Each structure stands twice: as C-alpha cells, then as structure tokens.
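No sequence on hand, only this structure:
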C-alpha cells in the first residue's frame with residue numbers, strides 16, 4: 001500500500017507524531033511519504049534520519065494532483081487543523097483518495113476553550129479566520145475514520161486507539177546513584193510545568209539532586225541545573241537513558257489535557273524511574289510503572305523525588321515501566337491495529 005501523510009508543519013514538534021505513524025507504515029513494507037505546506041526544513045530532532053528523506057514541502061500554489069501526492073492509496077491528515085486536515089480533505093475529494101485523520105493532541109479544545117476568556121477574546125478579535133477554519137474542521141471531521149493517541153482523546157473523538165510507538169533499544173543505565181540526576185527532555189512550554197520541577201529540585205539540591213533540561217539556559221539558571229539546548233532524537237534518547245528519574249510535570253491546563261508526551265514512552269522503554277502528574281492521559285500511560293502526583297504541587301513532587309533517591313526502588317519502578325511499554329508501545333504491538341484501520345479506510349471517503 002502507498003500512504004501519504006499530510007502534516008501541519010515539517011519544522012514543528014508535531015512531526016514527532018508523523019514519525020511514529022511513518023514508522024508503522026515502514027514496518028509493514030508500505031511506500032510512505034510526508035507532505036506539508038509549511039516548514040523550511042525538517043524538525044531538528046528528526047533532521048538527520050531516514051524519515052527526513054521522505055518529507056517534502058509543497059509549494060504555496062500547489063494544486064491537487066496524484067503526482068504531488070505520490071499517487072497514494074490512502075491519505076492521512078495528521079492533526080485536525082485547518083492547515084493540515086482541510087487541504088487534505090479537499091485533495092481527498094478532488095482526487096478520489098480515501099482519507100483518514102490522526103488526532104494526538106487536544107488541538108480543537110485549545111481553539112475553543114473558555115478556560116481563559118481574555119485569551120479567547122483575543123483569539124476572536126485577532127484570529128477570527130482561524131476559528132472559522134476550526135469550525136469547518138469540526139464539521140468535516142464527521143464520518144472521517146481516525147486514529148487517536150490515547151483514551152482521553154478516544155472518549156471525545158472515537159476512533160482507533162494508536163499510541164505513540166518506539167523501538168525497544170533495551171534498558172538504559174543501571175540505577176546506582178543515591179544523588180539522582182533528573183531529566184526533563186522535550187519542548188519547554190509553560191503548560192509542561194518545568195517551573196514546578198525547578199522549584200522542587202531546588203529544594204533537593206542540598207541533598208545532591210541535579211536537573212537537566214533540553215532548553216537554552218534562563219537568566220536565573222542555578223548551579224544544580226544543566227541546560228543543554230535543543231537536541232536531536234538520538235541525543236534526547238541518550239539523555240533519558242543516562243538519567244535516574246524522568247519527570248513529566250504537566251500542569252492541569254487545556255494545552256496539557258489529552259497530551260501523551262512521547263518522551264514518557266522513551267523513559268518507560270529505557271526503564272527509568274518516572275514521575276507524572278494526574279493530568280489525563282498520563283496516569284493511564286504510566287499505569288503501575290511510575291509515581292503519580294497532583295499537578296502543580298511542588299511539595300508532592302519533592303516528596304516523590306526524595307522517595308526515589310533509593311536506587312533499588314528506582315530499579316523496581318523502571319522494570320515495571322519497561323514491561324508496560326513493551327506490551328503497549330512497541331511497533332510490533334501496534335502494527336496490526338494500524339494496518340487494519342488503514343485497510344478499512346481505503347473504502348471510505350470523506351463526504352459532506
């Protein structure tokens with residue numbers, strides 16, 4: 001089968017989800033390519049991978065054609081956004097190519113949320129066109145088969161559950177230190193809760209705890225903190241592998257609910273001790289393989305981290321996390337579900 005993925009932006013971190021889907025198609029021996037109307041170059045962590053060679057940017061005036069699409073049997077729009085789903089929907093109709101959509105983030109919830117009314121008013125005034133586009137997306141999503149990355153999204157959109165996938169590279173470094181190295185690996189955005197993590201580690205720094213973050217150093221960077229900037233995929237995996245504890249300190253905010261960070265999957269695969277907040281779907285994702293705390297609570301995070309200073313406890317949790325990851329997040333475990341949904345969608349076209 002030939003599959004073309006229509007991405008929102010080749011240069012954004014949303015390409016990480018495209019990569020997961022591409023890996024599943026590649027594992028099936030399918031001919032898979034990625035197209036996008038945006039992004040001057042492939043997102044940094046994936047730039048030097050075989051996947052990058054399958055990515056192609058469309059010219060601004062590109063018209064729908066089988067040649068531009070790679071003449072696929074199936075078109076998969078990644079993210080229900082006006083910039084990806086709507087052109088994919090139009091191309092699907094124009095060329096008679098079956099369409100499937102992948103939903104891995106609460107993108108529409110972020111557009112329409114009343115959680116921050118002042119911000120929403122700004123969107124209404126400054127981005128009315130974008131909001132209209134999101135309403136059109138909601139209308140045209142009806143009847144389009146879909147993947148979702150976690151149960152939180154599945155409860156809202158239905159579809160086939162297809163979590164992020166990773167290769168099993170084996171466990172990471174042995175748990176031995178009583179002065180843990182804590183890692184936050186990913187894109188540092190406000191809803192990710194890095195400020196809470198920094199406060200907690202600052203309290204524990206006199207006990208030898210250290211923190212590493214994949215971002216440029218802020219003006220108030222502390223001596224116990226190491227800021228390494230943006231990393232490649234391989235560099236990020238190496239940081240996770242060598243860490244003692246990985247923390248996903250997501251805040252209870254509309255941008256965080258429904259998100260399944262792929263670095264959580266990496267940490268589980270590598271057998272790290274993991275702390276997550278109680279923001280869905282994180283507790284589902286980690287299961288019994290980690291510690292769950294209340295979102296935004298510095299005191300609970302301090303307590304959880306201090307309890308993980310014991311290497312034997314970290315090792316036990318790491319083994320549990322790794323066992324769950326192998327059973328749930330490998331390419332082999334998800335390949336059949338991906339194949340079945342794609343083959344079913346080949347007979348289904350968006351209409352309306």
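Nice, I can see it. This one's a predicted model, so the numbers in the text were calculated from it and none came from an experiment.

quick one: the helices in the stretch 251-352 of the chain?
Using DSSP state H, counting those that start in this stretch, the helices of the stretch 251-352 of the chain run over 262-269, 282-286, 298-307, 311-328, 331-345.

Just say which of the ones you listed is most tucked in.
helix 262-269 (a mean of 26; mean count of other CB atoms under 10 Å). Backbone N, C-alpha and C define where each C-beta goes, glycine included.

and the angle from that one to helix 311-328?
Helix 262-269 and helix 311-328 are oriented at 110 degrees to each other (axes from the mean of the first three to the mean of the last three CA atoms, to 10 degrees).

Show me the strands in the stretch 101-250 of the chain, by range?
146-148, 160-161, 181-184, 210-213, 225-227, 245-248 (DSSP state E, counting those that start in this stretch).

Please identify the most buried of the ones you listed.
Most buried among the strands of the stretch 101-250 of the chain, counting by mean count of other CB under 10 Å: strand 245-248, with a mean of 28.

Distance from the chain centre to it, please.
Remark: strand 245-248 is offset 16 Å from the chain centroid, using CA atoms, centre = their mean, to the nearest Å.

Give me the helices and strands touching that strand, please.
Where contact means 3 or more CB pairs under 8 Å, 6 or more residues apart in numbering; DSSP states H and E, strand 245-248 is packed against strand 181-184, helix 262-269, strand 273-277, helix 298-307.

Now find how far off-centre the last one is within its chain.
The reference is to helix 298-307. For helix 298-307, the distance to the chain centre is 25 Å (CA atoms, centre = their mean).

between it and strand 273-277, what angle do the directions make?
Going by the same axes, to 10 degrees, helix 298-307 makes 170 degrees with strand 273-277.

and for helix 298-307, what are the contacting residues?
Residues from elsewhere that reach helix 298-307, judged by CB atoms under 8 Å, 6 or more residues apart in numbering: 180, 182, 196-197, 199-201, 203-204, 207, 209, 245, 247, 249, 275, 291, 293-294, 313.

Of those residues, which count as buried by neighbour count?
With neighbours counted by 16 or more other CB atoms under 10 Å, the contacts of helix 298-307 contain buried members at 180, 182, 196-197, 200-201, 204, 209, 245, 247, 249, 275, 291, 293.

looking at it, residue 333 is touching residue 327, isn't it?
Yes: using CB atoms under 8 Å, residue 333 is in contact with residue 327, at 6.7 Å.

who does the helix or strand containing residue 19 touch, helix- and strand-wise?
Assigned by DSSP states H and E, residue 19 belongs to helix 15-27. Counting contacts by 3+ CB pairs under 8 Å, 6+ apart, helix 15-27 packs against strand 2-6, strand 31-36, strand 74-78, helix 262-269, helix 331-345.

same thing but 10 Å
Judged by 3 or more CB pairs under 10 Å, 6 or more residues apart in numbering; DSSP states H and E, the packing partners of helix 15-27 are strand 2-6, strand 31-36, strand 55-57, strand 74-78, strand 99-103, strand 146-148, helix 262-269, helix 331-345.

Nearest to residue 16 among those would be which one?
helix 262-269 (5.5 Å; CB to CB).

Now that closest one: average pLDDT?
Across helix 262-269, the average pLDDT comes to 96.

which helices and strands sit right next to that helix?
Looks like helix 262-269 contacts helix 15-27, strand 181-184, helix 233-242, strand 245-248, strand 273-277, helix 282-286, helix 311-328 (3+ CB pairs under 10 Å, 6+ apart).

Show the contacting residues for residue 206.
For residue 206, the contact set (CB atoms under 10 Å, 6 or more residues apart in numbering) comprises residue 224.

and if you look at residue 272?
171-173, 175, 183, 240-247, 264, 266, 289-290, 314, 317-318, 321-322.

The residue lying closest to residue 180 once chain neighbours are set aside and residue 52, how far apart?
Spatial nearest neighbour of residue 180, chain neighbours left out: residue 244 (3.8 Å); criterion: CB to CB, 6 or more residues apart in numbering. Distance, residue 244 to residue 52, using CB to CB, to the nearest Å: 32 Å.

Mind telling me the two of the buried ones among the contacts of helix 298-307 farthest from one another?
180 and 196 (17.2 Å).

which ones are touching residue 331?
Counted by CB under 10 Å, 6+ apart, residue 331 has contacts 20, 23, 24, 26, 27, 28, 165, 166, 167, 168, 338.

distance of residue 12 from residue 41?
For residue 12, the distance to residue 41 - CB to CB - is 11 Å.
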